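Participant: Structure, please.
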Amino acid sequence: MRAVVQRVSRAKVTVEGEVTGEIGIGMLVLLGVSEDDTHDDACYLADKLVSLRIFPDDEGKMNRSLVDACGQMLVVSQFTLLGDCRKGRRPSFIKAARPEVADTLYRTFVVEVQGRGIQTATGRFQAHMDVELVNDGPVTLLVDSRKEF
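Facilitator: Numbering: from 1, shown residues only. Below you'll find the predicted structure:
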C-alpha cells in the first residue's frame, strides 16, 4: 500500500456535489492499493500513520502523533499512486490491485484506523472525487507498506 499523507487544518471530499467526508485538524491520506497487498499491509500502514509524529508539540517540534493531537483522518482511495511513469508518456497501472481487492483492503485500512480510536471520514471508492484541503506546514509525506521509499 502506498499513501500520500498530508497534515491538514481541514479537508473534505465531494462526489457529485455531495460532501462524503470532512475533517478538521488531522491527516488527509491518499491511499493506493497494489496487486500484492494483503490484510497485513493495511494493518501495518494504519498503525504507522496513526502513530506518525508529525504534529507540533508545545515547542513547535513535530513530536505528536494523530492520537496525541486528537486529530481526524480523511482517507481517499487513489489507484494512481501505483502509476508507473518510467516508460513512455502514459502511466501504467498494472501494479494497482483489481477494484474488488482494492476496495476490500481500503475498507480494512479504514476499520483498522477507526479501531485505533481515530475519527475517520472517507471518499467514495471508484468515484470521481473533488478533494479540498488546507495543508498545514506544509507537511506532506510518502509512506509505503513495503518500505520501498
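Participant: max-length helix in the chain?
Facilitator: In the chain, assigned by DSSP state H, the helix with the most residues is helix 99-115.
Participant: Who are the packing partners of the helix or strand following it?
Facilitator: Toward the C-terminal end, the helix or strand that comes next after helix 99-115 (DSSP states H and E) is strand 120-122. Here strand 120-122 touches strand 18-23, strand 72-77, helix 99-115, going by 3 or more C-beta pairs under 8 Å, 6 or more residues apart in numbering; DSSP states H and E. Just so you know, the C-beta spots here come from the backbone N, C-alpha and C atoms, and that holds for glycine as well.
Participant: Of all these, which one is nearest Val29?
Facilitator: strand 72-77 (4.9 Å; C-beta to C-beta).
Participant: does Thr140 really touch Met27, like I thought?
Facilitator: No. Applying C-beta atoms under 8 Å as the test, Thr140 and Met27 come out as separate, 10.5 Å apart.
Participant: Need the overlap of contacts for the two.
Facilitator: Jointly contacting Thr140 and Met27 under the rule C-beta atoms under 8 Å, 6 or more residues apart in numbering are 5-7.
Participant: For those residues, could you give me JSON lines that also reports secondary structure?
Facilitator: Below are the shared contacts of Thr140 and Met27 laid out as JSON lines (DSSP: H, G, I helix; E, B strand; the rest coil):
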{"residue": "Val5", "secondary structure": "strand"}
{"residue": "Gln6", "secondary structure": "strand"}
{"residue": "Arg7", "secondary structure": "strand"}
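Participant: Including neighbour count, could these go into CSV?
Facilitator: As requested, these are exported to CSV (neighbours: other C-beta atoms under 10 Å):
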residue, neighbour count
Val5, 22
Gln6, 23
Arg7, 25
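Participant: of all those residues, which comes closest to Asp37?
Facilitator: Out of the shared contacts of Thr140 and Met27, the member with the shortest distance to Asp37 (by C-beta to C-beta) is Val5, at 16.9 Å.
Participant: In contact with the closest one, which residues are there?
Facilitator: Contacts were defined as C-beta under 8 Å, 6+ apart; by that measure Val5 touches 27-29, 49, 52, 54, 140-143.
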